[in-house]
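Trainee: no sequence on this one, just coordinates:
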Ligand SMILES: C[S@@+](CC[C@H](N)C(=O)[O-])C[C@H]1O[C@@H](n2cnc3c(N)ncnc32)[C@H](O)[C@@H]1O
């Protein structure tokens, strides 16, 4: 059941606005870089990729040029949007903590969705899912989007996008009511102007926040060898994210 702090309406009844707020074209450049990182890091040839928490398929839209993709998400609404964007990708409903497929992959990606892991056990479970689905020599790439030392309290930003005569002004606010626990709140306001009418919708997401050492400890415990790269973005603001490129050791 949704609580005030974890409605995730953006992935349910408001999902149709996701491709307007985050157009797939915005992901092309960074995904090109992620594809090169995978290919340059992996000791095996990287042809197949599992995308966990694939959302609207924006990353897949760019990565499908390089890999044969299977992708998993818990939200049927988001899977529908992703399938429309990428008919050639195999989309499956599942929870990234527990899903077990029969296939093994050359690479696993988890972008913009691992932040929904709110406990250490959640994070550990996702790393196990990635490890279980990788071939020896395969690579997991993910981003530790928020860590306590980099979190900006009460950060608020607004973007305005227009597509097919629907204009969405999207306001995001990030707040951590208790810096001692492993969660923070993301609050979204949607101003949707459609067919001459204004709708205002609100949405709450509960997200996880862990020190980078926790990420490293859990990844190592799972069996990964970790490389941390600095991933720099300039839009919508200049920021550096820890890009974690984790290799499943090859069998001896
Ligand atoms: C911001 S979207 C990801 C966007 C995606 N990277 C893209 O390219 O479009 C976050 C997604 O994480 C999914 N998600 C949240 N918790 C999940 C879980 N436990 N297992 C699988 N997917 C999950 C949500 O349903 C949502 O679709």
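Mentor: Yep, it's here. All values derive from a computational prediction rather than experimental measurement.
Trainee: and residue 76, how many neighbours?
Mentor: 12 (other CB atoms under 10 Å). The way it works is simple: take the backbone N, C-alpha and C, and place the C-beta from them, glycine included.
Trainee: measure it to the ligand for me?
Mentor: Using CB to the nearest ligand atom, to the nearest Å, one gets 9 Å for the distance from residue 76 to the ligand.
Trainee: got the contact list for that residue?
Mentor: Contacts for residue 76 (CB atoms under 8 Å, 6 or more residues apart in numbering) come out as residue 93.
Trainee: same deal with residue 221?
Mentor: If you count contacts by CB under 8 Å, 6+ apart, then residue 221 has residue 124 around it.
Trainee: distance between the host helix or strand of it and the chain's centre?
Mentor: If you go by DSSP states H and E, residue 221 is part of helix 212-222. Distance of helix 212-222 from the chain centroid (CA atoms, centre = their mean, to the nearest Å) equals 18 Å.
Trainee: same thing with stretch 206-219?
Mentor: Here stretch 206-219 is found 15 Å from its chain centre; the criterion is CA atoms, centre = their mean.
Trainee: Tell me the secondary structure at residue 99.
Mentor: Counting by DSSP: H, G, I helix; E, B strand; the rest coil, the backbone at residue 99 sits in coil.
Trainee: And the closest residue to the ligand within the stretch 101-250 of the chain, how close does it get to residue 132?
Mentor: Nearest residue of the stretch 101-250 of the chain to the ligand: residue 113, at 3.2 Å (CB to the nearest ligand atom). Remark: distance between residue 113 and residue 132 (CB to CB, to the nearest Å) = 18 Å.
Trainee: Output the set of residues of the stretch 51-200 of the chain in proximity to the ligand.
Mentor: Within the stretch 51-200 of the chain, the positions near the ligand by CB under 6 Å from any ligand atom are 53-59, 73-75, 78, 95-97, 111-113, 116.
Trainee: which ones among the residues you listed are found in strands?
Mentor: Those of these mapping onto strands are residue 73, per DSSP state E.
Trainee: Buried ones among the residues of the stretch 51-200 of the chain next to the ligand?
Mentor: The neighbour count (16 or more other CB atoms under 10 Å) marks 53-59, 73-75, 78, 96-97, 111-113, 116 as buried among those.
Trainee: Pull the contacting residues for the closest residue to residue 21 other than its chain neighbours.
Mentor: Distances taken as CB to CB, 6 or more residues apart in numbering put residue 170 closest to residue 21, at 4.9 Å, once the chain neighbours are dropped. By CB under 8 Å, 6+ apart, the residues touching residue 170 are 21, 158-161, 188-191.
Trainee: What residues are bridge-paired with residue 170?
Mentor: Here residue 170 shows beta-bridge partners residue 159, residue 190, assigned using DSSP bridges.
Trainee: Please apply the same query to the one 5 residues further on.
Mentor: Per DSSP bridges, the residues bridged to residue 175 are residue 185.
Trainee: Can you give me the neighbour number for it?
Mentor: Using other CB under 10 Å as the criterion, residue 175 is surrounded by 13 other residues.
Trainee: I am finished for the moment; much appreciated.
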